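Student: Any chance you could fold what I've pasted below:
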Amino acid sequence: QVQLVESGGGLVQTGGSLSLSCAASGSAFSIYTMGWFRQAPGKEREFVASISWKSTRAYYVDTVKGRFTISRDNDKNTVYLQMNSLQPEDTAVYYCARYQTPFGMGQNPADFGSWGQGTQVTVSS
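Tutor: Got it, this is the predicted structure:
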């Protein structure tokens, strides 16, 4: 069972930047799509971004396009989320997740089988 550990959350002012990291344990990291999701209080968990196993494809929810960048380092078993121009509506707990099957890709949280514990991102206005 893979373990995912997020880091890098915190408090930032509107317009600021944060960089999240997610370290994965175990082998086979390089054959799985990885994703970032977020959940704000009282809201459902939503897709933020995903990146394919060899970084050839990346997808973003419309609200973060042009501001967030997902990347990965397969040698370090780590996926990143660079967040720029942060807005109060980006405030949420951010989770990284691994797709349920190798070489698959999607955006539905139900299709991701392993999750980290989450890291809080708070953007003050």
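Student: ok, and what's touching stretch 18-25?
Tutor: Here stretch 18-25 makes contact (Cβ atoms under 8 Å, 6 or more residues apart in numbering) with 2-10, 12, 34, 36, 76-83, 86, 94, 96, 98, 116, 119, 121. Heads up, the C-betas are built off the backbone N, CA and C, glycines and all.
Student: Contact partners for the one residue sitting closest to the centre of the chain?
Tutor: Most central in the chain under Cα atoms, centre = their mean is residue 36, positioned 2.1 Å from the mean C-alpha point. Neighbour list for residue 36: 20, 22, 48, 49, 50, 70, 79, 81, 94, 95, 96, 97 [criterion: Cβ under 8 Å, 6+ apart].
Student: Just checking: what are the partner strands of the helix or strand it falls within?
Tutor: Using DSSP states H and E, residue 36 sits in strand 34-39. Here strand 34-39 has these sheet partners by DSSP bridges: strand 46-51 (antiparallel), strand 92-99 (antiparallel).
Student: Would you mind checking the average pLDDT for it?
Tutor: With pLDDT averaged residue by residue, strand 34-39 scores 98.
Student: Just the buried residues of it, please?
Tutor: For strand 34-39, burial by neighbour count (16 or more other Cβ atoms under 10 Å) applies to 34, 35, 36, 37, 38.
Student: Just the closest of these to residue 125, please.
Tutor: Using Cβ to Cβ, residue 38 is the member of those that sits closest to residue 125, with 17.7 Å.
Student: ok, the closest one touching residue 94?
Tutor: Yes. Contact criterion Cβ atoms under 8 Å: residue 38 and residue 94 qualify, at 4.8 Å.
Student: Overlap in contacts, the two.
Tutor: With contacts taken as Cβ under 8 Å, 6+ apart, residue 38 and residue 94 have 48, 121 as neighbours in common.
Student: pLDDT below threshold where in the protein?
Tutor: Within the chain, no range satisfies pLDDT under 70.
Student: before we move on, back to that, and of the strands paired with strand 34-39, who's closest to residue 29?
Tutor: strand 92-99 (8.1 Å).
Student: so how far is that closest one off the chain centroid?
Tutor: 5 Å (Cα atoms, centre = their mean, to the nearest Å).
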